[in-house]
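Generate coordinates for the sequence data below:
(one chain, ligands or ions: 4)
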Amino acid sequence: AKDAGRGVYRFYDSDLDKKTRAVSRLQAQMFKSIQKKHFVLHYQPIVETETSKLVGVEALVRWEHPGQGLVGPRTFIPIAESSGLIIVLGEWILKQACRQLKEYQDSGLEHLSVSVNISAVQFNHEKLFEHVAAAIDQSGILPSQLELEITESTLMSTATQVNETLQKLSELGVKLCVDDFGTGYSSLAYLKRFPLNRLKIDRSFIQEVLRNQDDAAITRAIITMAKALRLEVVAEGVETDQQFAFLRNHGCETVQGFFVSRPMPGEKLLQWHQRYCA
Ligand code: C2E
Ligand code: CA
Ligand code: CA
Ligand code: CA
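Ligands and ions are numbered 1, 2, ... in the order given. The predicted structure follows:
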């Protein structure tokens, strides 16, 4: 039995080794890719349900991997977080997103804002505020045109400076959005404690909103609560015209999702906007 135990143990051990090596290799490749600027942001439109007007874009990072083509963030963001690379990568993302927004504004999309995802490690890093302020300054956009998306679990972390960081960002004038709202935590008390501007209803509720009564009830409740708390509300993952109509009819101000558009390279947005609004 002992032998078998060792055998099993050794099997898992070498498996783990393989994983560890793969992660280190990815980390090394990422580090090089950051220096060589092998990352790119795609942008997904956020539109007003009443008017179908384009009001914002969410920046979503992709890795132009030397051998593997375009790699999605779900693969590499966790590795960037655990290795600390998220700090330099995140700094670049903030700058790039603000620069792109300025370009859109100069091309006539004056009332657009840009939403940038901030991971937990990045949010709790001492340089975050500095990086945000620098990105705004260097691009020349208004602070109110930048929105930071922070997940519920990040806001609920035990880190003591969460409230202080939010206050400073809010005083700077940037907008703060709770990403993946409804999936993270059961307490709602933080909604009145923190200076938040917007709730983003998680895609998992929207997916079944027409088939599942509970998802519909939760979605309606989030919209109602957001309004009562004077928060804006956006729904993500809208894939069909029925979902769009449901959200519009229940007073959800803005939506994003494949029904409106998939995320696209920055230079495609102006063309998309001309077609979409024609
Ligand atoms: P998220 O912030 O919840 O972003 C929404 C994800 O849903 C994006 O995937 C987007 O492409 C996808 N999506 C949008 N509309 C639809 C739809 O109608 N249906 C479906 N099925 N999916 C839709 P993506 O780009 O792969 O990003 C995945 C996650 O990676 C993001 O989830 C976010 O947590 C993280 N992420 C992406 N970009 C960044 C970034 O720049 N910084 C950080 N820290 N995290 C990022
Ligand atoms: Ca997001
Ligand atoms: Ca989300
Ligand atoms: Ca989500």
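
Could you list the residues of the stretch 51-200 of the chain in contact with ligand 2?
Where proximity means C-beta under 5 Å from the ion, the interface of the stretch 51-200 of the chain facing ligand 2 comprises 117, 149, 179. (Glycine included, C-beta is placed from N, CA and C.)

again, 6 Å this time
Taking C-beta under 6 Å from the ion as the contact definition, the stretch 51-200 of the chain meets ligand 2 at 58, 117, 149, 179.

Out of those, which is nearest to ligand 1?
Among these, Asn117 lies closest to ligand 1 (C-beta to the nearest ligand atom), at 3.7 Å.

partners of the closest one in the sheet?
Glu149 (DSSP bridges).

Distance check, it against Glu81.
12 Å (C-beta to C-beta, to the nearest Å).

partners of the longest strand along the chain in the sheet?
In the chain, assigned by DSSP state E, the strand with the most residues is strand 54-65. Looking at strand 54-65 with DSSP bridges, its partner strands are strand 39-48 (antiparallel), strand 69-71 (antiparallel), strand 113-117 (parallel).

about what we covered before: okay, the residues of the stretch 51-200 of the chain next to ligand 2 in TSV with distance to ligand 1 and pLDDT next?
Output for these, formatted as TSV (distance: C-beta to the nearest ligand atom, whole Å; pLDDT from 0 to 100):
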residue	distance to ligand 1	pLDDT
Glu58	7	98
Asn117	4	98
Glu149	6	98
Asp179	5	95
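
Quick one: those as CSV, columns for neighbour count and distance to Ala228 too.
Output for these, formatted as CSV (neighbours: other C-beta atoms under 10 Å; distance: C-beta to C-beta, whole Å):
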residue, neighbour count, distance to Ala228
Glu58, 25, 25
Asn117, 20, 27
Glu149, 22, 22
Asp179, 24, 21
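
From the residues you listed, list the ones also adjacent to ligand 3.
Asp179.

Among the residues of the stretch 51-200 of the chain next to ligand 2, which one sits closest to Leu172?
Glu149 (16.2 Å; C-beta to C-beta).

For that closest one, list the residues it contacts.
By C-beta atoms under 8 Å, 6 or more residues apart in numbering, the residues touching Glu149 are 58, 115-118, 177-179, 200.

what would the residues you listed look like in a markdown table with distance to Ala28?
What follows is the contacts of Glu149, written out as a markdown table (distance: C-beta to C-beta, whole Å):
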| residue | distance to Ala28 |
| --- | --- |
| Glu58 | 29 |
| Ser115 | 31 |
| Val116 | 26 |
| Asn117 | 24 |
| Ile118 | 25 |
| Cys177 | 33 |
| Val178 | 34 |
| Asp179 | 29 |
| Lys200 | 34 |
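
Could you tell me how far stretch 61-69 lies from the centre of the chain?
19 Å (C-alpha atoms, centre = their mean, to the nearest Å).

swap in stretch 171-189?
Distance of stretch 171-189 from its chain centroid, counting by C-alpha atoms, centre = their mean, is 12 Å.

Compute the first-to-last residue distance for that stretch.
Start to finish, the residues bounding stretch 171-189 are 21 Å apart (C-alpha to C-alpha, to the nearest Å).

And stretch 150-164, by the same measure?
Terminal residues of stretch 150-164 lie 15 Å apart, using C-alpha to C-alpha.
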